[in-house]
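>>> Just need the structure, nothing else, for what follows:
(one chain, ligands or ions: 2)
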Amino acid sequence: MGTRKRVLIVGSGGREHALAWALSRSPRVEQVYVAPGNAGTSWPATPRSGPWAPGAPCVRVAVAADDFDALIAMAHQKQIDLTVVGPENPLAAGIVDAFQAAGLRAFGPTRAAARIEASKAFAKVFMARHHIPTARYATFTEFEAALNHVRRVEYDVVIKASGLAAGKGVIVPNTQDEAEAALRRIMVERAFGTAGDEVVIEERLYGQEASVLAFTDGYTVVPMPAAQDHKPIFDGDRGPNTGGMGAYAPAPLITPELLDDIVRTVLQPTVNGLRAEGAPYVGVLYAGLMLTDAGPRVLEFNCRFGDPEAQVILPLLENDLMDVLEACLEGTLDRVAVRWRPGAAVTVVAASEGYPGPYPKGRPIYGVQKAEALPGVLIFHAGTELRGDRPVTAGGRVLNVTAIGDDVRQAVKRAYEAIGHLYFEGMQYRKDIGTKAMM
Ligand code: AMP
Ligand code: GLY
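Numbering: from 1, shown residues only. Ligands and ions are numbered 1, 2, ... in the order given. This is a model prediction of the structure:
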């Protein structure tokens, strides 16, 4: 088996807790570090018994995800064999290039390949060049020209700041006035800063949305079970958008045939195209899709695992995650048979009062141990910190209450039973996560 590995996860949310959990279950992993992590990302070594026991110990390191020099110094000092990068910002800023230059292995795309998420304008031209199905669009850097365009086009529009805006840079207007106000917000008031230097105006598409993520070594594409996120804060998809209030996988609306179709028309051409253009893509490639009457269309690419999609996809993976990640880095993904367990997983986000607006911090969280003792339940921490021994709220999305089951219905039932044991003042969560999959 060789020597056991030491891994570092970069990031601090529920996705990173799920990655730390999955890697700690690998018999090939000796120690997990998370920088900077949260209250959930530290545990002692546990026997790898039972379906959910983590395994290798995990510790937090107080280094920020954007402090590459400190991360590299720490990776050398702690003799890290593999670093896995959770969020998009360090990827877009070139963390993988920096690690490579320092002689370290990091899982994720280089800065050049991460442009597929970091620049929506780049992604649109790239898709046009490679005939990848997406909405019609135009890009603008001048407000007047953009305004003239939305006044002229015959289709409904969606307005997007081209750069990274923490998932908030997309506005879906319902009227002409709202469209013009959106342009003013991004281009004149500069609500998203330099992310709005360039604006993409695209045709509004209609249909159901789904996320298809894939592992890739730059050649081979291995799709994961399709997931559905729940972005609006309130039940029935009402209210403002959030980072995601819950998810489930697999999404039954993506049939095996449709998944093949998405690999053939979207994911494989994207990976081939980036390689052909000198920016080979290694990592997780995430396609946000609209399933229109005319077929799947790309709404966006992300250059990483989704949050909260990772929290439902990773518990379904039967393989040792370490094997899959290493195969991506070594260009041998074609030799790995990636298997998924039957059944389904659901995650319900417990959020702070006021989220996605301003919210209080520091509220004590109760009931985690009781909730995670239930069968099939995993509690991933997102915005939490420790005050003494007690976890307290420290972010908008606080906990990801995750469950697996024989089907979505059972997973949903378990997740909501678990959330019934949890409490913090002002806790809010959606009551309808997964119902779309049960209709
Ligand atoms: P994005 O970050 O580009 O995925 O956009 C965020 C959300 O905006 C998506 O999840 C969709 O709900 C919506 N959206 C983006 N592009 C379009 C489009 N062309 N048509 C309709 N809705 C869209
Ligand atoms: N759940 C959406 C994202 O990770 O971008």
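>>> which stretches of the chain have low pLDDT?
1-2, 167 (pLDDT under 70).
>>> count of neighbours near E385?
Residues near E385, counting by other CB atoms under 10 Å, number 18. The C-beta positions use only the backbone N, C-alpha and C, and glycine is treated the same way.
>>> What separation do you get for the residue lying closest to T393 once chain neighbours are set aside and ligand 2?
With CB to CB, 6 or more residues apart in numbering as the criterion, T393 has its nearest non-adjacent residue at 4.5 Å, and that residue is R363. Separation of R363 from ligand 2 (CB to the nearest ligand atom, to the nearest Å): 24 Å.
>>> For R363, list the residues it contacts.
By CB atoms under 8 Å, 6 or more residues apart in numbering, the contact set of R363 is 352, 392-393, 424-426.
>>> could you redo the last one with a cut-off of 6 Å?
393, 424-425 (CB atoms under 6 Å, 6 or more residues apart in numbering).
>>> same check, this time on G383
Neighbours of G383 in contact, by CB under 6 Å, 6+ apart: 394-395, 397-398.
>>> got JSON lines for these, with neighbour count too?
Formatted as JSON lines, the contacts of G383 follow (neighbours: other CB atoms under 10 Å):
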{"residue": "A394", "neighbour count": "21"}
{"residue": "G395", "neighbour count": "20"}
{"residue": "R397", "neighbour count": "26"}
{"residue": "V398", "neighbour count": "32"}
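>>> Closest one to ligand 2 out of those residues, please.
Within these, the smallest distance to ligand 2 is 10.5 Å, found for R397 (CB to the nearest ligand atom).
>>> got the residues of the stretch 301-439 of the chain near ligand 2?
302, 306-307, 309 (CB under 6 Å from any ligand atom).
>>> Surely N38 is in a helix?
No: judged by DSSP: H, G, I helix; E, B strand; the rest coil, N38 forms no part of a helix; its state is coil.
>>> my read: it touches S12, true?
Yes: applying CB atoms under 6 Å, one finds N38 in contact with S12, separated by 5.3 Å.
>>> Just checking: what are the partner strands of the helix or strand I201 falls within?
Here I201, judged by DSSP states H and E, is contained in strand 199-203. Strand 199-203 has these partner strands in its sheet, going by DSSP bridges: strand 137-140 (antiparallel), strand 157-161 (antiparallel).
>>> residues making contact with the shortest one?
Outside of strand 137-140, the residues within contact range by CB under 6 Å, 6+ apart are 121, 124, 146, 149, 198-202.
>>> following it, which helix or strand comes up?
Next element after strand 137-140 (DSSP H and E): helix 143-152.
>>> Is there proximity between that next one and ligand 1?
No: on the criterion CB under 6 Å from any ligand atom, helix 143-152 is out of touch with ligand 1, staying 13.8 Å away.
>>> how far does that helix sit from the chain's center?
33 Å (CA atoms, centre = their mean, to the nearest Å).
>>> same thing with stretch 284-297?
16 Å.
>>> Ok, stretch 21-40 next?
That offset, for stretch 21-40, works out to 18 Å (CA atoms, centre = their mean).
>>> swap in stretch 72-85?
22 Å.
>>> I'm done for today, thanks for sticking with me.
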